[in-house]
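**Student:** generate coordinates for the sequence data below:
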Amino acid sequence: MRRFVASVLLYCFLISQSFASQNNLNRNNSNYTVNSTSEFIFESYPNQELISIRLLGAVKNAGLYHIPSNMKLTTLLALAGGTNSDANLENIMIGNDQNKMKDINLEETLKNAKDDYTLVSNDIVLIKNKSPWISNDSFRVFSVISVVLTSILTAIVIKDRYKK
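**Tutor:** Now for the predicted structure:
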């Protein structure tokens, strides 16, 4: 019986360590990765002045874009292939060295086209992912607790069966 309880505890420890190592791997990988081909140049006519924009987050093709000056945010998102299905369109953050960060609600912008943001040189556009209902950390804690409780209950049932 002691060997069984020791093996159950060892199993619970190994499961919790695997969850911890997965958590560390997920922390090392950024939520806002850039594709391998991450620089895009858009010219509508030769010798056109281009500005640099960094587009990050929940878009199909994130990266550095060289686009004509006075381009709108919605046009840039269309050039990038659109947003991902889990993109938070209500809180798009735009900022650069010259001004403070600006929050834009893209859903409201799409309803009223005249409110579309005009991009300026060196803007950084960040489109965050929607927050899940249950975070990954909470899910891991619930999983580890359920494994431990199941193991303890199994040990109790086996102990009761041996007594009979």
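**Student:** and the next element down the chain from the helix or strand of the chain with the lowest mean pLDDT?
**Tutor:** Counting by mean pLDDT, DSSP states H and E, the weakest-scoring helix or strand in the chain turns out to be helix 2-28, with a mean of 55. Once the chain leaves helix 2-28, the next helix or strand it forms, by DSSP states H and E, is strand 39-41.
**Student:** so what touches that following strand?
**Tutor:** The contact list for strand 39-41, computed with CB atoms under 8 Å, 6 or more residues apart in numbering, reads 50, 61, 63-66, 79-80. In this view, the C-beta of every residue, glycine as well, is placed from N, C-alpha and C.
**Student:** chain center to it, what's the gap?
**Tutor:** Computed by CA atoms, centre = their mean, to the nearest Å, the chain-centroid distance of strand 39-41 equals 23 Å.
**Student:** quick one: strands adjacent to it?
**Tutor:** Applying DSSP bridges, strand 39-41 is found paired with strand 63-68 (parallel).
**Student:** residues of the host helix or strand of Ile152 that come out buried?
**Tutor:** Here Ile152 is covered by helix 136-163, with elements defined by DSSP H and E. Neighbour counts over helix 136-163 (16 or more other CB atoms under 10 Å) mark 140, 144, 147-148, 151, 155 as buried.
**Student:** that helix packs against which elements?
**Tutor:** helix 2-28 (3 or more CB pairs under 8 Å, 6 or more residues apart in numbering; DSSP states H and E).
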